[in-house]
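Novice: sharing a model prediction with you, sequence too.
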Amino acid sequence: MVVSIMLWLKEKQKNNPFLKFGTKKPIALSMKIFAETEHLILREIVPTDTGDMYRLDSDPLVHKYLGNNPIKCMGKARAYVDYIRMQYEKYGIGRWAAIEKSTGDWIGWTGLKMNFEEEMNGRINYYDIGYRFMPQYWGKGYATESSIAARDYFFTHFPGNTLCGLADVAHGASCRVLEKIGLEAKNDFHYFKENVMVRWFEMENK
Ligand SMILES: CC(C)(COP(=O)(O)OP(=O)(O)OC[C@H]1O[C@@H](n2cnc3c(N)ncnc32)[C@H](O)[C@@H]1OP(=O)(O)O)[C@@H](O)C(=O)NCCC(=O)NCCS
């Protein structure tokens with residue numbers, strides 16, 4: 001009985017015109033999908049992602065190279081979701097939710113943002129590429145795969161601009177991803193706020 005109800009629900013979900021990609025957590029058609037890669041759907045971040053954002057940003061392992069200051073309340077996660085949505089409105093870009101196709105899991109975020117608020121390496125108002133995933137999804141090539149999609153999106157939509165990326169020099173995996181997607185390491189600088197050396201990467205979109 002239970003099995004037949006589950007099968008019926010699955011079938012119903014498959015034919016629901018308001019849902020896309022009938023995985024465990026279907027994607028509502030109202031959500032904007034920015035890109036699709038072999039293993040991931042890269043969609044807009046929405047307020048209902050706040051719980052997942054909290055799980056991601058409250059994990060000390062995730063924050064090891066992000067200043068070691070994981071968040072402790074849901075309000076901070078919601079503020080970050082709102083900040084990302086403001087970026088969509090104002091700049092036409094913003095970090096994307098990464099959804100693993102095979103499971104429908106929300107695995108973290110990836111993509112672009114305009115850094116207008118904090119000077120880094122003497123630069124402000126620049127396009128930044130970044131990524132942040134839950135640890136169980138590390139080492140599967142997802143940062144590289146999703147960043148290639150974000151880089152290509154940047155190439156299509158922002159000609160004549162420079163794409164920048166940065167990572168703690170001790171963060172081998174992050175530096176490697178930036179290199180793999182074609183950014184060039186330019187210089188290292190001291191990031192006073194976290195007292196670490198950070199590597200600055202760039203790529204021109206000529
Ligand atoms: C950084 C992060 C996004 C990497 O994600 P990922 O999906 O595991 O990355 P990928 O699998 O696409 O690629 C990682 C690459 O780094 C390499 N790598 C992993 N650890 C490394 C290390 N300590 N030193 C050097 N290279 C390393 C991998 O071998 C791989 O390169 P390869 O394909 O040439 O073998 C992930 O660890 C993460 O979300 N960390 C927490 C948040 C964070 O630190 N974000 C970046 C802030 S700058």
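Specialist: In hand now; what should we look at? Numbering: from 1, shown residues only.
Novice: neighbours around the residue of the chain found nearest the ligand, how many?
Specialist: Using CB to the nearest ligand atom, Gly172 is the residue of the chain that sits closest to the ligand, at 2.0 Å. For every residue, glycine as well, the C-beta is placed using N, CA and C. Each residue near Gly172 was counted by other CB atoms under 10 Å, and the total is 11.
Novice: I'd guess Glu202 is in a strand, am I close?
Specialist: Yes - counting by DSSP: H, G, I helix; E, B strand; the rest coil, Glu202 is found in a strand.
Novice: if we can go back for a sec, what about the residue of the chain closest to the ligand, distance to Arg199?
Specialist: Per CB to CB, to the nearest Å, Gly172 is found 11 Å from Arg199.
Novice: helix or strand with the lowest mean pLDDT in the chain?
Specialist: Counting by mean pLDDT, DSSP states H and E, the chain has its least confident helix or strand at strand 19-20, which shows a mean of 58.
Novice: pull up the pairing partners for the following helix or strand past that one, direction included.
Specialist: Going down the chain from strand 19-20, the next helix or strand is strand 27-28, by DSSP states H and E. Strand pairing for strand 27-28, determined by DSSP bridges: strand 19-20 (antiparallel).
Novice: name the SS class of Lys186, please.
Specialist: strand.
Novice: now for it: which residues touch it?
Specialist: 200-202 (CB atoms under 8 Å, 6 or more residues apart in numbering).
Novice: try 6 Å this time
Specialist: Each residue near Lys186 by CB atoms under 6 Å, 6 or more residues apart in numbering is listed here: 200, 202.
Novice: do Glu194 as well
Specialist: Contacts of Glu194 (CB under 6 Å, 6+ apart): Gly67.
Novice: secondary structure element for it?
Specialist: Per DSSP H and E, there is no helix or strand for Glu194.
Novice: got phi/psi on it?
Specialist: phi -110, psi 0 (degrees, to the nearest 10).
Novice: just say helix, strand or coil for Gly182.
Specialist: Applying three-state DSSP: Gly182 is coil.
Novice: count of residues packed around it?
Specialist: 12.
Novice: kindly report the same for Gly141.
Specialist: Gly141, neighbours per other CB under 10 Å, totals 13.
Novice: Gly108 too?
Specialist: 27.
Novice: same check on Gly92?
Specialist: Neighbour number of Gly92 under other CB under 10 Å is 11.
Novice: which parts of the protein are strands?
Specialist: Taking DSSP state E as the criterion, the chain carries its strands at 19-20, 27-28, 33-36, 40-43, 95-100, 106-115, 126-133, 162-168, 184-191, 196-204.
Novice: and Tyr65, which of the ones you listed is closest to it?
Specialist: strand 162-168 (4.4 Å; CB to CB).
Novice: partners of the closest one, with directions?
Specialist: Partners of strand 162-168 in its sheet, by DSSP bridges: strand 126-133 (parallel), strand 196-204 (antiparallel).
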